[in-house]
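> Sequence and predicted structure, then a few things I'm wondering about:
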Amino acid sequence: MPRGFSADESDKIMATLKVKGRSLFAQYGIRKTSVAQLTKAAGISQGSFYRFVESKEHLFYQLLGEEEERIKQTLAPFLKLEQPTVDSFKQMLLTAVYEVENSALLSLLFIPEEYEALKRKVDQLHLDAHTLDDLEELQPIIKRWQANGCMKHIEPEIITSTVRAFMLQSLHKHEIGAAWYDKTIEVMAESLAAYLIKRG
C-alpha cells in the first residue's frame, strides 16, 4: 500500500481516482486532463498521486484495460456459442461496434495526438499487448467454429483483421453520413456474417 495510507484508505483513494479519472479523461482527453484535476477530485496531494500510479497515462491505461474487459464480458455470450448463425454473428459485430463507438476511453485511442501522448508514457510493449491479447483470445474461438463446420476455413488472422477493419468504420461515421450510418453498418455486418458463416 502507498506510504502514509492504510489499506482501506488506499483502496478508497484508488477507486476514487479511477471514477474521477474516467470522467475527466472522457471529458478532456488524455493530454488535457491534468494531475492537478485528478488529485483535486480525489482529495489527495500531487505528491501522493505518484504513490498510487506512475503517471496520469498509466491511470488511463488501467482504465482502458477495465473498459476492454467490460466489453469482452458483453460479447461473451456470442463467443461462447458452439455454432453461431449468420444472425448471431451479425448481432455480435453490431454489438461490438456499438460498445466501442460509445466508449469515450477507447475512442481516444483513435485520435493520433491522444495515442501518441499515451505511448510516450506507457511502454509500447504494454500497448501492443492489447492487440496481441485480442488476437490470442479470438483465434481459438475462430478455430473452434471452423472445426465445428460453421465458419469458412480462412486464416484466423485474416478473419480477425477483417473484423477489426469492420470495427474501424465507426471512426468514419461523418464521412459515411449520419443519416445512412446505422443502416450501412447493419448491411456490412450482415454481408460479413453471410460470407464467413456457413448456413445450415
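Happy to help now that I have it.
> all contacts plus neighbour counts: C-alpha atoms, from now on.
OK.
> Spell out which residues make up each domain of the chain.
If you go by automatic domain parsing, the domain ranges for the chain are 1-53, 61-196.
> what ranges do the strands span in the protein?
Using DSSP state E, no strands are found in the chain.
> Can you check which helix is longest in it?
In the chain, assigned by DSSP state H, the helix with the most residues is helix 7-32.
> who touches residue 34 in this structure?
The contact partners of residue 34, by C-alpha atoms under 8 Å, 6 or more residues apart in numbering, come to residue 56.
> how far away is it from residue 141?
Here the criterion is C-alpha to C-alpha, to the nearest Å. By it, residue 34 lies 41 Å from residue 141.
> Report all helices and strands that the longest helix of the chain contacts.
helix 35-42, helix 56-79, helix 104-108, helix 112-121 (3 or more C-alpha pairs under 8 Å, 6 or more residues apart in numbering; DSSP states H and E).
> for this protein, where's the lowest mean pLDDT among helices and strands?
Lowest by mean pLDDT, DSSP states H and E among the helices and strands of the chain is helix 124-147, with a mean of 73.
> Leaving out chain neighbours, which residue sits closest to residue 49?
Once flanking residues are discounted, residue 49 sits nearest to residue 39: 6.5 Å by C-alpha to C-alpha, 6 or more residues apart in numbering.
> again, but for residue 169
residue 185 (7.8 Å).
> Please tell me how far the one you found sits from residue 75.
18 Å.
> Compare the two (neighbour count), which wins?
Neighbours per residue, other C-alpha atoms under 10 Å: of residue 185 and residue 75, the larger number sits with residue 185, 20 against 17.
> per-residue confidence for residue 45?
Confidence at residue 45, expressed as pLDDT, is 91.
> what about it, neighbour count?
Using other C-alpha under 10 Å as the criterion, residue 45 is surrounded by 13 other residues.
> which residue packs closest to residue 17, ignoring adjacent ones?
residue 42 (5.6 Å).
> Go ahead and flag the most central residue of this structure.
residue 68 (4.0 Å; C-alpha atoms, centre = their mean).
> any weak-confidence spans in the protein?
Scanning the chain for pLDDT under 70 picks out 1-4, 124-136, 200.
> hang on, the earlier thing: list the contacts of the residue nearest to residue 17.
With contact taken as C-alpha under 8 Å, 6+ apart, residue 42 is in contact with 13, 16, 17, 20.
> for residue 18, same thing?
Neighbouring residues of residue 18 by C-alpha under 8 Å, 6+ apart: 59, 63.
> And residue 156, how close does it get to residue 72?
For residue 156 relative to residue 72 (C-alpha to C-alpha), the value is 19 Å.
> Of those two, which one has the most company?
Set side by side, residue 156 and residue 72 show more neighbours around residue 156, with 18 against 15, by other C-alpha under 10 Å.
> Was I right to think that one contacts residue 143?
Yes: with contact defined as C-alpha atoms under 8 Å, residue 156 reaches residue 143; the gap is 7.0 Å.
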